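1. Pasting the sequence and the predicted model now:
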Amino acid sequence: MARKSTALVVMGALAGLVGMALLAGGAVLVWAHTTQRDAAGFYTSSTQRFSTSTAALQADVDLGRQGRERDWVPFADLATIRIRAASTAETPLFIGIGRRADVDRYLAGTAHEQLVDVRFRPFRASYQLQPGNRSAGAPGAEPIWVVSASGTGRQQVTWPTQSGRWSLVVMNAGGGPGVTVDASVGARTGALLPVGIGLGAFGLVLCAGGLLLVVVGVRPAGAPLPLAAAAPLVAGAYPARLDGHLDAGVSRWRWLVKWLLVIPHLVVLALLWMATAVLTVVAGFAILITGRYPRSIFDFNVGVMRWTWRVAFYGISALGTDRYPPFSLDPDPGYPADFSVDYPERLSRGLVLVKWWLLAIPHYVVVAFFAGGATAGFGRWYVVPGGLITVLVAVAAVVLLFSGRYPEPIFGFVMGMNRWCYRVLAYVALLRDEYPPFRLDAGGADPGSIPDAPPPAPEAGGALVPAQGGSAT
């Protein structure tokens with residue numbers, strides 16, 4: 001790959017990675033806006049217990065700058081805070097919010113505790129004791145509060161946020177020591193939805209731009225799209241062929257870091273599979289209308305699957321080679337792993353509607369156990385993490401680490417399971433109409449990649465046997 005193409009792939013991968021992160025963040029914010037608010041529009045924490053043997057609980061809140069300094073964030077319009085609390089002793093309770101300087105002057109010399117940290121799962125509140133021996137008196141008589149509430153039962157204050165340094169204070173209404181409350185905090189803001197939509201939209205733009213850079217990088221300008229393998233199909237073989245040849249002298253230890261080395265490939269493949277998903281839908285409509293799979297889309301999708309298999313063979317699903325996979329969609333006869341699908345001249349219009357979900361269900365169950373995933377049975381769903389392929393590859397890796405030899409029986413069985421999975425992938429991706437066989441073709445070479453043996457040569461002096469309907473000369 002030329003330097004320019006490599007740079008495009010790297011830039012596209014970075015843009016796609018940032019785009020996917022922004023897209024995920026935007027999706028979380030939109031989800032929170034639509035599902036996590038109460039009837040009044042507040043996002044509310046769970047109710048937790050806060051307690052002190054002193055006269056007050058104080059929690060400081062910093063929102064931007066003070067005075068005439070300009071805030072970059074408009075806190076005055078950002079959110080509304082709601083505090084709800086009820087005394088466990090059923091004594092009159094006071095809740096107030098005031099400027100921190102005023103609150104500090106009011107509580108100076110009075111023993112109270114300052115909330116410094118709150119952790120959830122499990123809940124734990126940390127306090128810092130501020131000693132003193134002066135009685136603060138009834139807090140409701142002080143003119144320092146911007147919002148306050150006092151009385152028996154559950155008390156609530158609602159405060160539109162403002163820039164500055166503030167303090168929340170919870171006390172007994174009479175100012176006496178010993179405060180224990182069950183409290184929750186809620187926030188209401190109109191910024192979450194537009195921020196989420198903006199992040200998602202920007203993330204989509206970055207993903208699209210990254211995908212474009214990757215496609216241009218792996219397909220240099222002017223290079224024709226590769227044709228699918230033109231080798232004649234062996235009788236009885238499936239038209240999707242997966243091959244992998246175990247390299248001699250595979251490193252004992254390199255598999256320990258291969259998962260890290262393939263991260264650049266995984267980022268690029270995430271973008272390519274996004275494109276493949278969209279293009280498969282486009283191809284499905286094309287098949288419905290014309291009965292043909294658009295050749296350019298076919299070659300691109302097969303190329304993405306080929307790239308995926310090379311990465312899996314190197315670092316995830318086989319560990320069969322130490323040669324780093326190329327950043328390319330094209331066939332590479334020199335690489336020990338390959339995947340190809342024969343291009344179909346015609347495809348069934350009707351099968352395109354059912355083969356990818358209904359007809360493939362039995363294979364999905366098998367693939368879930370081979371490659372990991374979720375499957376249904378007996379009225380419930382079962383999650384299979386990793387799958388049998390992962391387990392056997394892990395066993396082979398440990399054997400390789402201690403003996404220096406990759407167990408060939410395990411390699412052949414793992415290749416058969418991978419071959420089964422990729423045949424199903426080709427079928428559900430609408431690439432072929434032939435139903436995948438329920439057959440584990442173990443071994444490195446796909447049966448369809450092994451040419452039929454040539455017919456035996458006639459013995460010397462023997463007569464040629466005429467073909468049916470023909471004559472010997």
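-> Done, it's in.
2. how near is residue 393 to residue 246?
-> Applying CB to CB, to the nearest Å, the value for residue 393 to residue 246 is 12 Å. C-betas here are computed from N, CA, C, even on glycine.
3. oh, I was asking about residue 357
-> Noted for residue 357: a distance of 35 Å to residue 246, by CB to CB.
4. buried sites along stretch 250-259?
-> Across stretch 250-259, burial judged by 16 or more other CB atoms under 10 Å covers 250-251, 255, 258.
5. Now do that stretch: distance from first to last residue.
-> 16 Å (CA to CA, to the nearest Å).
6. Over to stretch 244-259?
-> End-to-end distance of stretch 244-259: 19 Å, with CA to CA as the criterion.
7. distance between it and the chain's centre?
-> Distance of stretch 244-259 from the chain centroid (CA atoms, centre = their mean, to the nearest Å) equals 27 Å.
8. next structured bit after the helix or strand hosting residue 32?
-> Per DSSP states H and E: residue 32 is located in helix 3-35. Proceeding N to C from helix 3-35, the next assigned helix or strand is strand 43-44, under DSSP H and E.
9. The very next helix or strand once past that following strand pairs with which strands, and in what direction?
-> Reading on from strand 43-44 to the C-terminus, the next helix or strand found by DSSP H and E is strand 48-52. When pairs are called by DSSP bridges, strand 48-52 turns out to pair with strand 179-188 (antiparallel).
10. Give me the mean pLDDT for the partner strand.
-> In this model, strand 179-188 has an average pLDDT of 93.
11. Quick check: buried residues in that strand?
-> When burial is assessed from 16+ other CB under 10 Å, strand 179-188 yields the following buried residues: 179-181, 183-188.
12. ok, and what's touching stretch 17-33?
-> Taking contacts as CB atoms under 8 Å, 6 or more residues apart in numbering, the residues outside stretch 17-33 that touch it are 43, 192-193, 195-210, 267, 270.
13. again, only this time at 7 Å
-> 43, 192-193, 195-197, 199-200, 202-204, 206-207, 210, 267, 270 (CB atoms under 7 Å, 6 or more residues apart in numbering).
14. Narrow the residues you listed to those that are buried.
-> Neighbour-count burial (16+ other CB under 10 Å) applied to the contacts of stretch 17-33 gives 43, 192, 195-196, 199-200, 203, 206-207, 210, 267, 270.
15. before we move on, the earlier item: looking at residue 393 and residue 246, which has the bigger crowd around it?
-> The residue with more neighbours, out of residue 393 and residue 246, is residue 393; 23 against 17, by other CB atoms under 10 Å.
16. now that one, what's its secondary structure?
-> Under DSSP: H, G, I helix; E, B strand; the rest coil, the three-state class of residue 393 is helix.
17. OK, contacts around it?
-> With CB under 7 Å, 6+ apart as the criterion, the residues that contact residue 393 are 317-319, 414.
18. Going by distance to residue 427, which of these wins?
-> For residue 427, the closest of the contacts of residue 393 turns out to be residue 317, at 18.9 Å, with distances computed as CB to CB.
19. quick one, what contacts that closest one?
-> With contacts taken as CB under 7 Å, 6+ apart, residue 317 has the following neighbours: 389, 393, 418.
20. So which of the buried ones among the contacts of stretch 17-33 are in strands?
-> Here DSSP state E is the test, and the buried ones among the contacts of stretch 17-33 give residue 43 as lying in strands.
21. Let me have the buried ones among the contacts of stretch 17-33 in TSV, extended by pLDDT and distance to residue 115.
-> As requested, the buried ones among the contacts of stretch 17-33 are arranged in TSV below (pLDDT from 0 to 100; distance: CB to CB, whole Å):
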residue	pLDDT	distance to residue 115
43	91	20
192	87	25
195	92	28
196	92	30
199	93	31
200	92	35
203	91	36
206	90	40
207	86	42
210	83	44
267	90	42
270	91	42
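22. Quick check, pLDDT for the closest residue to residue 217 other than its chain neighbours.
-> The spatially closest residue to residue 217, leaving aside those adjacent along the chain, is residue 8, at 3.3 Å (CB to CB, 6 or more residues apart in numbering). You'll see residue 8 listed with a pLDDT of 75.
23. could you point out where the protein is predicted with low confidence?
-> Screening the chain residue by residue with the criterion pLDDT under 70, one finds the ranges 1-6, 10, 64-77, 218-236, 373-386, 452-473.
24. hang on, the earlier thing: check which residues of the helix holding residue 32 are buried.
-> 5, 8-10, 12-13, 15-17, 19-20, 22-23, 26, 29-30, 33.
25. ok, and what's touching stretch 275-284?
-> Around stretch 275-284, the neighbours that count as contacts under CB under 7 Å, 6+ apart are 211, 293-294, 297, 300-301, 304, 352, 429-430.
26. how about it as PDB, C-alpha atoms only?
-> Listed in PDB are the C-alpha atoms of stretch 275-284, where the atom choice follows Å, rounded to 0.1, in the frame of the first residue of the first chain:
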ATOM      1  CA  ALA A 275     -21.100   0.500   4.600                       C
ATOM      2  CA  THR A 276     -21.600  -3.200   4.000                       C
ATOM      3  CA  ALA A 277     -24.800  -3.200   6.000                       C
ATOM      4  CA  VAL A 278     -26.200  -0.300   4.000                       C
ATOM      5  CA  LEU A 279     -25.000  -1.700   0.600                       C
ATOM      6  CA  THR A 280     -26.600  -5.100   1.400                       C
ATOM      7  CA  VAL A 281     -29.900  -3.400   1.800                       C
ATOM      8  CA  VAL A 282     -29.400  -1.700  -1.500                       C
ATOM      9  CA  ALA A 283     -28.400  -5.000  -3.100                       C
ATOM     10  CA  GLY A 284     -31.500  -6.600  -1.700                       C
END
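27. List the buried residues in it.
-> In terms of neighbour count (16+ other CB under 10 Å), stretch 275-284 has its buried residues at 275-276, 279-280, 283-284.
28. circling back to that earlier point, just flag the most distant two among the contacts of stretch 275-284.
-> Of all pairs drawn from the contacts of stretch 275-284, the one with the longest distance (CB to CB) is 211 and 352, at 24.9 Å.
29. of the two, who's got more company?
-> More neighbours surround residue 211 than the other of residue 211 and residue 352, with 22 against 19 (other CB under 10 Å).
30. tell me the contacts of that one?
-> By CB under 7 Å, 6+ apart, the neighbours of residue 211 are 12, 16, 271, 274-275.
31. how much space is there between it and residue 326?
-> Relative to residue 326, and taking CB to CB, residue 211 is found at 19 Å.
32. Can you verify residue 413 is assigned to a helix?
-> Yes. Note on residue 413: a helix contains this position according to three-state DSSP.
33. Spatially nearest residue to it (excluding sequence neighbours)?
-> Beyond its immediate neighbours in the sequence, the residue positioned closest to residue 413 (CB to CB, 6+ apart) is residue 442, lying 5.4 Å away.
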